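**Q** Using only what follows, build the 3D model:
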Amino acid sequence: MGQKNKVFPVVGIVDSARAIRLAEGLGRREVDFLEWRADGLPGIATLPKVRVPWILTARHPLEGGAGHLSATARREVFLRLMENASLIDIELRSLPAMRSVRKEAAAAGVGVVGSFHDFRKTPSEAKLGEIVDRASDAGVDILKIATLTSQPGDVARLLGLFSRSTLPLAVMGMGPLGYASRLLFAASGSALNYGWIDRPNVHGQWSALALKKALNARR
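**A** From the prediction side, this is the model:
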């Protein structure tokens, strides 16, 4: 398949009231998915109707979650909102506590993204290999890895995952090399490529609209 035929799926992050309003006007030309950050949007009983599929997550506090939600609270959010989602995102560390959520997802035909976030560094090659193995053993549908990329070696270690993993990967860098690395990872086959709608979540993150435009220019 030639580069011009590749698809670079872009996910717009919905994490505020303003992001909700902006997301309601977006379609397939702007984003391929929208991610509902339930940890930052408490008390909403259902996902808004939009023109693209939803990814639902309720982030663990140690991996960037807002609101310091307990496992019980996050579990309840998943079960309450999952009905209108195409994918759910659960951190690898949270998978044991979310068994009931995964069971419901399987019954409903909702895919599971197993995620790992490190805001301080990019782990060693050996550690990244362990993360891939954990995700494979857990049976998730997509493995998402987001780490701080400060040096070219950080980007190189993440890039090496594409030849190591049999799982679809969503890989992204944060920090000084975040912007450049996200284009590289998308071109290398990253299954999901995230951007902000209201405001950046981390340094090195594109807006979803700018990322979609940049990636389409590569086709």
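**Q** Please spell out which residues along stretch 92-103 are buried.
**A** Neighbour counts over stretch 92-103 (16 or more other CB atoms under 10 Å) mark 92, 94, 95, 97, 98, 101, 102 as buried. Every residue, glycine included, has its C-beta placed from N, CA and C.
**Q** Greatest separation within those residues: which pair is it?
**A** 92 and 101 (13.8 Å; CB to CB).
**Q** coming back round to it: a markdown table for the buried residues of stretch 92-103, including pLDDT?
**A** Converted to a markdown table, the buried residues of stretch 92-103 look like this (pLDDT from 0 to 100):
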| residue | pLDDT |
| --- | --- |
| 92 | 98 |
| 94 | 97 |
| 95 | 97 |
| 97 | 96 |
| 98 | 97 |
| 101 | 98 |
| 102 | 97 |
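**Q** In helices, which of the residues you listed fall?
**A** 101, 102 (DSSP state H).
**Q** could I get the buried residues of stretch 92-103 as JSON lines with distance to residue 24?
**A** Formatted as JSON lines, the buried residues of stretch 92-103 follow (distance: CB to CB, whole Å):
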{"residue": "92", "distance to residue 24": "32"}
{"residue": "94", "distance to residue 24": "29"}
{"residue": "95", "distance to residue 24": "32"}
{"residue": "97", "distance to residue 24": "32"}
{"residue": "98", "distance to residue 24": "28"}
{"residue": "101", "distance to residue 24": "26"}
{"residue": "102", "distance to residue 24": "29"}
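**Q** out of the buried residues of stretch 92-103, which one sits closest to residue 173?
**A** residue 92 (18.6 Å).
**Q** Return the residues in contact with the closest residue to residue 101 other than its chain neighbours.
**A** Closest residue to residue 101 apart from its sequence neighbours, by CB to CB, 6 or more residues apart in numbering: residue 78 at 4.4 Å. Contacts of residue 78 were listed using CB atoms under 8 Å, 6 or more residues apart in numbering, and they are 38, 56, 58, 88, 90, 98, 101, 104.
**Q** and if we set it to 7 Å?
**A** 56, 58, 88, 98, 101 (CB atoms under 7 Å, 6 or more residues apart in numbering).
**Q** how many other residues sit next to residue 126?
**A** Using other CB atoms under 10 Å, residue 126 has 8 neighbouring residues.
**Q** Next up, the contacts around the residue nearest to residue 54 when sequence neighbours are not counted.
**A** Of all residues not flanking residue 54 in the chain, residue 85 sits nearest, at 4.6 Å (CB to CB, 6+ apart). Listed by CB under 7 Å, 6+ apart, the contact set of residue 85 reads 47, 54, 55, 56, 110.
**Q** Out of the contacts of residue 78, which comes closest to residue 174?
**A** Of the contacts of residue 78, the one sitting nearest to residue 174 (CB to CB) turns out to be residue 58, at 20.3 Å.
**Q** Could you report the pLDDT at the closest one?
**A** Note on residue 58: pLDDT of 97.
**Q** For it, give its distance to residue 93.
**A** 13 Å (CB to CB, to the nearest Å).
**Q** now do residue 193
**A** From residue 193 over to residue 93 the distance is 23 Å, taken as CB to CB.
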